[in-house]
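A.B. asks: show me how the following folds:
(one chain, ligands or ions: 2)
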Amino acid sequence: MNGLGFDSERIKQKVRATNYLTVAQLFLKSNFLLENPLTFDDIKPRLLGHWGTCPGINLAYACLKEYFKTEENFSFVLGPGHGFPALQANLFIDGDLEKVDENAKRSEEGIIYICKNFSFPGGFPSHASPVTPGVICEGGELGYALGTAYGSALGHPEKTIAVLIGDGEFETATALSSMNLNKIIGGSPNGSVLPILHLNGYKISAPTISGRKSERELNELIRGFGFKPLLVRGDNEDSNLAIDYAIKDFKVALDKADEIFRKIKHGEAVNPPFIIMKTDKGLTGPEELNGVKIRGNFKSHQIPLPLAKTDEKELRILENWLKSYRFSEVFRKERGFFYAK
Ligand SMILES: Cc1ncc(C[n+]2csc(CCOP(=O)(O)OP(=O)(O)O)c2C)c(N)n1
Ligand SMILES: [Mg+2]
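C.D. replies: Ligands and ions are numbered 1, 2, ... in the order given. All right, here's what the predicted structure looks like:
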């Protein structure tokens, strides 16, 4: 049975922790726990990486892990591999990274280690890669996530595989043609594939086609491929409310998906579920900079504060952004990570 003890407070705290560690990996070379006011010296000399996709990954991952925590055969495939800092933050906090890398202990030293080594020569790559524990799809070249998920379900009826697909990725021929795989692979003797479209409206420097479709038209497209669309709405202007609503919708959508997968297993001819997760791109990040909208815009795709090392205003925005996650409430040097209940 899935979804038992689904705890929204624990999810919210985990999302704050993973978002904090994501931003820390992108920007910080010291003062990782923000024990002193942030200075230019704390900022990495070369700011690399992608922020915009990360908060959506952190939200989806936290909800999925909370829902499927009792299930050994649950796995997650990440399409947008450029969201590696988010994946890394989750693998770190869950202790998966520590199992393969003794430097990644869930302590202050471990935090320093993952932040310093993100996108650094001899350290961690900027994208998901074969050295990332559990990765079967790098996501550097977009499009293969859905096909990979169906491939790993082949001959494994015990498996449930959730797969996050970017809405830009959803415009690739590979992703769109993989939408037909439910007609071939869905159901016995294979596992259950749960696609999640991350509808954040943007890809690199432009809006996405799906993001500009009406809700009805997008639902009809998904239905046309033989899926049952389920909406998770995390697009409120207030980031905290957006996360609250998304978590509630996730629980409802995952319960529904579970019910549908059970019917499919019993041979009923019903359409498999397909979650559409709508969030602002760069959710919880800076809203605007110099009058230009960042959150909910393509401007959040990579480094939203590119001058944080030299510009006092950007540095202070970064400091307030990091503080907004109240990281000290979920991590203490002497206690490590802890969540509600
Ligand atoms: C096949 C392919 N084409 C282009 C790129 C370059 N690229 C990197 S990130 C990105 C945008 C991805 O947008 P989306 O899938 O919506 O992810 P988001 O960051 O919005 O979550 C693109 C086009 C790529 N990685 N792979
Ligand atoms: Mg997108």
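
A.B. asks: per-residue confidence for the residue in the chain positioned nearest to ligand 1?
C.D. replies: Residue nearest to ligand 1 within the chain: residue 166 (2.0 Å; C-beta to the nearest ligand atom). From N, CA and C alone the C-beta is placed, and that goes for glycine too. Per-residue confidence at residue 166 stands at 98 (pLDDT).

A.B. asks: for it, the count of nearby residues, please.
C.D. replies: Residues near residue 166, counting by other C-beta atoms under 10 Å, number 32.

A.B. asks: got the phi and psi for it?
C.D. replies: Backbone geometry at residue 166, expressed as degrees, to the nearest 10, gives phi -70, psi 150.

A.B. asks: ok, residue 74 next?
C.D. replies: phi -90, psi 140.

A.B. asks: with residue 36 instead?
C.D. replies: Dihedral angles for residue 36 - degrees, to the nearest 10 - are phi -130, psi 160.

A.B. asks: when you give positions from now on, start the count at 120
C.D. replies: Noted, 120 is the first residue going forward, which turns the last one into residue 155.

A.B. asks: next, count neighbours for it.
C.D. replies: Neighbour count of residue 155, defined by other C-beta under 10 Å: 9.

A.B. asks: just residue 379 next, same as before
C.D. replies: Around residue 379 sit 20 other residues, with neighbours defined as other C-beta under 10 Å.

A.B. asks: residues contacting the closest residue to it other than its chain neighbours?
C.D. replies: Counting by C-beta to C-beta, 6 or more residues apart in numbering, residue 379 lies nearest to residue 392, which is 5.1 Å off, once chain neighbours are set aside. Counting by C-beta atoms under 8 Å, 6 or more residues apart in numbering, residue 392 touches 313, 346, 347, 349, 372, 375, 376, 379, 380.

A.B. asks: one more time with 6 Å
C.D. replies: The contact partners of residue 392, taken as C-beta atoms under 6 Å, 6 or more residues apart in numbering, are 347, 349, 376, 379.

A.B. asks: tell me how far the first one lies from residue 314.
C.D. replies: Just to be clear, that refers to residue 347. According to C-beta to C-beta, to the nearest Å, residue 347 and residue 314 sit 11 Å apart.

A.B. asks: more neighbours: the two, which one.
C.D. replies: residue 314 (29 against 16).

A.B. asks: what sits against residue 150?
C.D. replies: Contacts of residue 150 by C-beta under 6 Å, 6+ apart are residue 161.

A.B. asks: neighbours around residue 124, how many?
C.D. replies: Residue 124 has 10 neighbours, counted by other C-beta under 10 Å.

A.B. asks: check contacts around the spatially most central residue of the chain.
C.D. replies: Centroid-nearest residue in the chain: residue 176, 0.7 Å away (criterion: C-alpha atoms, centre = their mean). With contacts defined as C-beta under 6 Å, 6+ apart, the neighbours of residue 176 are 202, 205.

A.B. asks: keeping just the C-alphas, turn the helix or strand hosting it into PDB.
C.D. replies: Following DSSP states H and E, the helix or strand that holds residue 176 is helix 173-186. In PDB, the C-alpha atoms belonging to helix 173-186 read as follows (Å, rounded to 0.1, in the frame of the first residue of the first chain):
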ATOM      1  CA  CYS A 173      15.700  22.600  -9.800                       C
ATOM      2  CA  PRO A 174      12.800  23.700  -7.400                       C
ATOM      3  CA  GLY A 175      10.300  21.600  -9.500                       C
ATOM      4  CA  ILE A 176      12.600  18.600  -9.300                       C
ATOM      5  CA  ASN A 177      13.000  19.100  -5.500                       C
ATOM      6  CA  LEU A 178       9.200  19.300  -5.100                       C
ATOM      7  CA  ALA A 179       8.400  16.300  -7.200                       C
ATOM      8  CA  TYR A 180      11.200  14.200  -5.700                       C
ATOM      9  CA  ALA A 181      10.100  15.000  -2.100                       C
ATOM     10  CA  CYS A 182       6.500  14.100  -2.800                       C
ATOM     11  CA  LEU A 183       7.300  10.900  -4.600                       C
ATOM     12  CA  LYS A 184       9.800   9.700  -2.000                       C
ATOM     13  CA  GLU A 185       7.200  10.500   0.800                       C
ATOM     14  CA  TYR A 186       4.500   8.600  -1.100                       C
END
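
A.B. asks: which residue ranges of the stretch 220-369 of the chain form helices?
C.D. replies: Assigned by DSSP state H, counting those that start in this stretch, the stretch 220-369 of the chain shows helices spanning 227-236, 264-272, 292-297, 301-304, 328-331, 334-343, 358-384.

A.B. asks: all set now, cheers.
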